[in-house]
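Trainee: Sequence first, then the predicted structure:
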Amino acid sequence: MADQMKREVTLNIPIHPNMELVAAQTASIIAEIMDFEEIHIDEIQLAIIETCINAFEHSNSEDSKVTVTYVVTDDELELKIADHGVGFGTDKTSLLTGEAGAQAMQKRGWGLEIIREMMDKVEIDSGDEGTTITMLKKRA
Amino acid sequence: MADQMKREVTLNIPIHPNMELVAAQTASIIAEIMDFEEIHIDEIQLAIIETCINAFEHSNSEDSKVTVTYVVTDDELELKIADHGVGFGTDKTSLLTGEAGAQAMQKRGWGLEIIREMMDKVEIDSGDEGTTITMLKKRA
Amino acid sequence: MATSFKLDTRTEDGYAVIQTDGYLNGPTAEQLAETAKDLMNQGYSTLVINLEKTRLVNSIGISILIEIIEFLDERGGGLHFCHLTPVIERTFKMMGLAQHAEIHRDEASATTNL
Amino acid sequence: MATSFKLDTRTEDGYAVIQTDGYLNGPTAEQLAETAKDLMNQGYSTLVINLEKTRLVNSIGISILIEIIEFLDERGGGLHFCHLTPVIERTFKMMGLAQHAEIHRDEASATTNL
Ligand SMILES: Nc1ncnc2c1ncn2[C@@H]1O[C@H](COP(=O)(O)OP(=O)(O)O)[C@@H](O)[C@H]1O
Ligand SMILES: Nc1ncnc2c1ncn2[C@@H]1O[C@H](COP(=O)(O)OP(=O)(O)O)[C@@H](O)[C@H]1O
């Protein structure tokens, strides 16, 4: 199999309102250059926004920074969104979601579910050193 | 005088066609969040594009990377665009430009002049370690 | 720092239309909620929110939209949305908004039979 | 990797219109130059380039536009631009394009008297 080209863009944003838009917009133009469909670009943007606002709201990180790494290969865009905050256990996500949450019009606790819905693959690596969410979108 | 808030976004792009658009687009959304006028956002984007393609074309940098730092204060956007390439003397820019260049429809050698035209302040720091172009745009 | 976000309001016979322009997050959805409550207090119990110029809505913004629905529900009002992108529509459905608000293609179909 | 760039061509009685959509850089301006030369070879010596859907043009793209102007000049043709953003128009003027090509507000005013 031929070696795949791999290109990396990294972005550092301060934890501050609207800075998630910078991360989303950067993804949008990279995905556009990669010739992703518009609907997939919207999905990627929403997933990044939700991941960033989670880091903004919940990480309590001292350096107040989020690093986004965009790894571009021929037909996939991988995103790593990392903070140096307090981390969380995967059991934290115990609110109603899915059908039950929708029925109850549960207001919060949807972020991770939205991210999983929008992307093809999502991995959470969280601990004392912070949280890194790695997610993948294939060009359809 | 009150302390000004200062926020920094940094972006690393590989030297590769169209990656200048990523740097420009990131500036565009930051400037939009800062409430810059549309025409000034276009000016900032063009200045970044010209600076990046200069680094792409001329830097011969081994790490093949360009780092863009966006420094946001209340009413100014400062951009630093850095490569680790061969650098250049400021005497390099000896082609016809300005009126004479326009008269002759000089094809190349306009990048730095365009950058200066689009931004409020431009500083070039270039040497063996690479080139850093620092430029400033005030919100009108 | 704030993104440029705009709200346009139009009142018709029996309903009001709010047109958003820009990113719907916590603060901007709060603006929208204020406007919706004002209209409700002016007697417009049926509201149409036109999202044609909004491409991104985050989950905090949607949680505030749910509050608007609850507010209207309690007062016997009704909320209609139109011009959702496919991704916004999907997110609205995930979070249960489609149960208590109606989703339409455009303003014309949202306002027929109001 | 390439940005999505599109060219639309329309021929009229005595002139042809090329509409660009997207970023004009080296490679995309070369595409435009090829199209312009093709039209010229088909007998259309007057060309209108409509940049309505182009927001960014870099200096390498402009250098290729100058080549198109030179190509047309040598063959007695003429080039007209319309729908330039203020920044694109300023850059065209800086680099001397305005001397040998005409700049118009829109297609209608570009094609009057052609
Ligand atoms: N970057 C993060 N750092 C710390 N905790 C996080 C992070 N991301 C998510 N969490 C935890 O996961 C929970 C669920 O997140 P989410 O599904 O987005 O819902 P919400 O943000 O509305 O609570 C959060 O309440 C938080 O406890
Ligand atoms: N980042 C850089 N690294 C090395 N040389 C540079 C860099 N930026 C500009 N230069 C030098 O400055 C010259 C003038 O640049 P410019 O005005 O943009 O015109 P052009 O790129 O068309 O030659 C270039 O030809 C090059 O020699």
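Mentor: That came through, no problem. Predicted model only: the values in this text are computed from it and were never measured. Ligands and ions are numbered 1, 2, ... in the order given.
Trainee: Distance of the residue of chain A with the smallest separation from chain C relative to C:Leu51?
Mentor: Of all residues in chain A, A:Ala102 sits closest to chain C, with a separation of 3.4 Å (Cβ to the nearest Cβ). For glycine as for every other residue, the C-beta is placed from the backbone atoms N, C-alpha and C. If you measure A:Ala102 against C:Leu51 using Cβ to Cβ, to the nearest Å, the figure is 20 Å.
Trainee: Now do stretch C:9-29, average pLDDT.
Mentor: Taken as a whole, stretch C:9-29 carries a mean pLDDT of 96.
Trainee: Ok, stretch C:34-53 next?
Mentor: If you average the per-residue pLDDT over stretch C:34-53, you get 96.
Trainee: now do stretch C:94-108
Mentor: 92.
Trainee: Can you list the buried residues in that stretch?
Mentor: The neighbour-count check on stretch C:94-108 (16 or more other Cβ atoms under 10 Å in any protein chain shown) flags C:Met94, C:Met95, C:Gly96, C:Leu97, C:Ala101, C:Ile103, C:His104, C:Glu107 as buried.
Trainee: Would you convert those into TSV that also reports secondary structure and distance to ligand 2?
Mentor: Shown next, in TSV, are those (DSSP: H, G, I helix; E, B strand; the rest coil; distance: Cβ to the nearest ligand atom, whole Å):
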residue	secondary structure	distance to ligand 2
C:Met94	helix	47
C:Met95	coil	48
C:Gly96	coil	53
C:Leu97	helix	51
C:Ala101	strand	54
C:Ile103	strand	51
C:His104	strand	52
C:Glu107	helix	49
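Trainee: any idea which of those residues is the one closest to C:Thr20?
Mentor: Distances from those to C:Thr20 were compared by Cβ to Cβ; the smallest belongs to C:Glu107, at 12.9 Å.
Trainee: Correct me if wrong: the closest one contacts C:Leu51.
Mentor: No - here C:Glu107 lies out of contact with C:Leu51, judged by Cβ atoms under 8 Å, at a distance of 10.9 Å.
Trainee: what sits in contact with each of those two?
Mentor: Residues touching both C:Glu107 and C:Leu51 (Cβ atoms under 8 Å, 6 or more residues apart in numbering or on different chains): C:Cys82, C:His83.
Trainee: For the chain, which segments count as helices?
Mentor: Chain wasn't specified; assuming chain A. Listed from the start of the chain, chain A has helices (DSSP state H) covering A:19-33, A:38-58, A:98-103, A:111-118.
Trainee: Chain C is the one I meant
Mentor: Counting by DSSP H, one finds helices in chain C at the ranges C:26-41, C:59-74, C:86-94, C:97-100, C:107-111.
Trainee: okay, those in TSV with distance to A:Val66 next?
Mentor: As requested, those are arranged in TSV below (distance: least, Cβ to Cβ, whole Å):
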stretch	distance to A:Val66
helix C:26-41	17
helix C:59-74	17
helix C:86-94	22
helix C:97-100	28
helix C:107-111	38
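Trainee: quick one, which of these is nearest to B:Asn60?
Mentor: The minimum distance between B:Asn60 and these falls on helix C:86-94, with 42.5 Å, by Cβ to Cβ.
Trainee: angle of the closest one against helix A:38-58?
Mentor: Helix C:86-94 and helix A:38-58 are oriented at 50 degrees to each other (axes from the mean of the first three to the mean of the last three Cα atoms, to 10 degrees).
Trainee: Would you mind getting the angle between helix C:86-94 and helix A:111-118?
Mentor: 130 degrees.
Trainee: Closest residue of chain A to chain D?
Mentor: Chain A approaches chain D most closely through A:Ile33 (4.8 Å), counting by Cβ to the nearest Cβ.
Trainee: State whether that residue and B:Asn18 are indeed in contact, as I suppose.
Mentor: Yes - with contacts defined as Cβ under 8 Å, A:Ile33 counts as touching B:Asn18 at a distance of 5.0 Å.
Trainee: higher neighbour count, those two?
Mentor: For A:Ile33 versus B:Asn18, the count of surrounding residues by other Cβ atoms under 10 Å in any protein chain shown is larger for A:Ile33: 21 against 18.
Trainee: Next, count neighbours for the nearest residue to A:Glu62 once chain neighbours are set aside.
Mentor: Once its chain neighbours are removed from consideration, A:Glu62 has its nearest residue in A:His84; the separation is 7.1 Å (Cβ to Cβ, 6 or more residues apart in numbering or on different chains). Residue crowding around A:His84 was assessed by other Cβ under 10 Å; the count is 19.
Trainee: residue closest to the middle of chain C?
Mentor: C:Ile49 (3.5 Å; Cα atoms, centre = their mean).
Trainee: so that residue bridges to which residues?
Mentor: Listed by DSSP bridges, the beta-bridge partners for C:Ile49 are C:Ile18, C:Phe81.
Trainee: distance of it from B:Met118?
Mentor: With distances defined as Cβ to Cβ, the gap from C:Ile49 to B:Met118 amounts to 39 Å.
Trainee: What of A:Glu78?
Mentor: Using Cβ to Cβ, A:Glu78 is found at 34 Å from B:Met118.
Trainee: same thing with C:Val87?
Mentor: Between C:Val87 and B:Met118 the computed distance is 35 Å (Cβ to Cβ).
Trainee: same thing with A:Lys80?
Mentor: Taking Cβ to Cβ as the criterion, A:Lys80 is separated from B:Met118 by 33 Å.
Trainee: Comparing the two, which residue is more hemmed in?
Mentor: The neighbour count for A:Lys80 versus B:Met118, taken as other Cβ under 10 Å, is higher for B:Met118 (23 against 18).
Trainee: In contact with the more buried one: list those residues for me.
Mentor: Residues near B:Met118 by Cβ under 8 Å, 6+ apart: B:Glu43, B:Ile44, B:Leu46, B:Ala47, D:Val87.
Trainee: and if you look at C:Arg10?
Mentor: For C:Arg10, the residues meeting the contact criterion (Cβ under 8 Å, 6+ apart) are C:Ala16, C:Val17, C:Gln19.
Trainee: repeat for A:Glu129
Mentor: With Cβ under 8 Å, 6+ apart as the criterion, the residues that contact A:Glu129 are A:His84, A:Gly87.
Trainee: Just the C-alpha atoms of stretch C:23-30, please, in CSV.
Mentor: Included here for stretch C:23-30 are C-alpha records, laid out as CSV according to Å, rounded to 0.1, in the frame of the first residue of the first chain:
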residue,chain,number,x,y,z
TYR,C,23,-24.0,32.0,15.8
LEU,C,24,-26.6,30.9,18.5
ASN,C,25,-24.7,30.3,21.7
GLY,C,26,-25.6,31.0,25.3
PRO,C,27,-25.5,34.8,25.2
THR,C,28,-27.1,35.2,21.7
ALA,C,29,-29.8,32.7,22.5
GLU,C,30,-30.5,34.7,25.7
